[in-house]
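>>> after the sequence you'll find the predicted model.
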Amino acid sequence: MKLATWNVNSLAVRLPQVLDWLAANPVDALVLQETKLTDDKFPHAEFAAAGYAAQWHGQKTYNGVALLSRSPALDVVRNIPGFDDEQARLIAGTVDGPLGPVRCIGGYFPNGQAPDSDKFVYKMRWLDALHDWVRAEMAAHPNLVLMGDFNVAPEDRDVYDPVAWAGQIHCTPEERAQFQRLLALGLTDAFRLFEQPPKSWSWWDYRNLAFRKNQGLRIDHILVSPALKPRVAACGIDKLPRKNERPSDHAPVVVELTAS
DNA sequence: ATGGCTCTAATGTAGAGA
């Protein structure tokens, strides 16, 4: 069973690339971030024609998330229950597969803008609410995957220039502590279960030839629950879509789970 | 050099992203 996450930075612009990617990478489920579409504009018919059921939660201009799956997702949740949020940042659903039901949570975590900003305060509140809700979800769903654009680089090795980025947004001690709190729930960063190429990033700035110079951050993650950890067969970042014409600034992250 | 590029609202320009 393969699951993936991809911040597409506008699904209106990137739909052809997402369809191409799914044709080449027929994953069982894919969560999208930054769709930037109101719900009436979501291209569910195009995904249905490609063999994917869709659940979505969007808004105008900013944010927006979706969950695509081969078999339709059940018990779908939009945004963090109990956390009043005007921004469309989370979707969850249960996807059936060879391992039985898997709870798939896709999140577009707040950017935070700057450590001294109101948006950083919101990011911390959002992460607090996520932590408490994920704990409850893990109790209800042993097979659980939390994936998405976390907007956190967990360690210095996830940053192309850790000295320049020290204390900057995505790299502050507060954000990294929030990432560790999620791990402390029993979740595992699937990417780090394997040897990976050094300087592995999931995002590269559009500016300054950052992709060509491989100057990026690893901020898109897939965390798995204890029951799934021994089932993780592979996890990697697919840089190919970043080489396309008009690419997203993020690359997809993929995890493979085996039944035995 | 605090920008660089890309997206959205728009149709000139500004805010956000990371």
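Thanks, I have it.
>>> I'd like the mean pLDDT over stretch A:24-38, please.
Across stretch A:24-38, pLDDT averages out at 97.
>>> er, stretch A:45-56 I mean
Here the average pLDDT along stretch A:45-56 is 98.
>>> tabulate the CA atom coordinates of it in PDB.
Only the C-alpha atoms of stretch A:45-56 are listed here, as PDB (Å, rounded to 0.1, in the frame of the first residue of the first chain):
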ATOM      1  CA  ALA A  45     -14.800  14.500 -11.900                       C
ATOM      2  CA  GLU A  46     -11.200  14.600 -13.300                       C
ATOM      3  CA  PHE A  47     -10.000  12.600 -10.300                       C
ATOM      4  CA  ALA A  48     -12.900  10.200 -10.600                       C
ATOM      5  CA  ALA A  49     -12.000   9.600 -14.300                       C
ATOM      6  CA  ALA A  50      -8.500   8.800 -13.100                       C
ATOM      7  CA  GLY A  51      -9.800   6.200 -10.700                       C
ATOM      8  CA  TYR A  52      -9.700   8.300  -7.500                       C
ATOM      9  CA  ALA A  53     -12.400   9.200  -5.000                       C
ATOM     10  CA  ALA A  54     -11.900  12.600  -3.500                       C
ATOM     11  CA  GLN A  55     -12.700  14.400  -0.300                       C
ATOM     12  CA  TRP A  56     -11.900  18.100  -0.100                       C
END
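>>> how far off centre is that stretch?
Centre-to-centre, stretch A:45-56 and its host chain are 19 Å apart (Cα atoms, centre = their mean, to the nearest Å).
>>> look up how far DNA strand B lies from A:D39.
12 Å (Cβ to the nearest atom of the strand, to the nearest Å). For glycine as for every other residue, the C-beta is placed from the backbone atoms N, C-alpha and C.
>>> hmm, that residue is touching A:W56, no?
Yes. Using Cβ atoms under 8 Å, A:D39 makes contact with A:W56 at a distance of 6.4 Å.
>>> which of the two has more neighbours?
A:W56 (24 against 14; other Cβ atoms under 10 Å).
>>> for the residue lying closest to that one once chain neighbours are set aside, grab phi and psi.
Closest residue to A:W56 in three dimensions, ignoring its sequence neighbours and counting by Cβ to Cβ, 6 or more residues apart in numbering: A:A66, at 4.1 Å. Main-chain torsions, A:A66, degrees, to the nearest 10: phi -150, psi 160.
>>> before I go, just wanted to say thanks for your time.
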